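> Show me the folded form of this:
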Amino acid sequence: MSEVKTNLGLQAQLWMLLDTLADKLKFPDRSNAGRDFAMLFVWKHTEQIAAKKYKELLDKLVQDEMIEDAQVITIAGNHMLGEAGRYAVQVNVSVPRREFNADWLAERMAKDYKVPTAITKQLIEEAKRPGKTQVRRITVIEKGGD
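Just a heads-up that it's a prediction; the model follows:
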């Protein structure tokens, strides 16, 4: 398919264009595994390029005052930042995360219950346990080259 049909929605056109991307690339390794690894590399770098372009355009739209800056909205909920034609930019602002304040607790325990601040802080440290959350970032690199 050489031409993308214009009567399709933009998302469908994009999907079709990206779906044919592999046919347009020259792979240095012709094995199935090599091709799969190369495509993993392609999609990872496509994601990074797209994220950079997205941020640049979003910043430009804010600077040109075509959309409102999402960072200045502090009220939780869904907000319309801007719209043009068939497209709209929205943001969902979450309720602020509540944080544990060890200093406040230590001071309050000392004031209300006469527990020394140092003991409360020591108990807080002893109560900390390893969590289950671990961040894993997969990277795909291109080795060597021509």
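
> Local confidence estimate at residue 1?
Here, the pLDDT recorded for residue 1 equals 46.

> Equivalent analysis for the one 5 residues further on, please.
At residue 6, the pLDDT value in this model is 56.

> swap in residue 145?
59.

> Also residue 90?
Looking at residue 90, the pLDDT reads 95.

> Around it, how many other residues sit close by?
12 (other C-beta atoms under 10 Å). From N, CA and C alone the C-beta is placed, and that goes for glycine too.

> That one pairs with what?
With DSSP bridges as the criterion, residue 90 is bridged to residue 80.

> From residue 144, how far out is it?
45 Å (C-beta to C-beta, to the nearest Å).

> Secondary structure element holding the most centrally placed residue in the chain?
Nearest to the mean C-alpha position of the chain, by C-alpha atoms, centre = their mean, lies residue 51 at 8.6 Å. Following DSSP states H and E, one finds residue 51 within helix 32-63.

> Counting by contacts, list what that helix packs against.
helix 21-24 (3 or more C-beta pairs under 8 Å, 6 or more residues apart in numbering; DSSP states H and E).

> Who are the packing partners of the helix it packs on?
Against helix 21-24 (3+ C-beta pairs under 8 Å, 6+ apart) you get helix 32-63.
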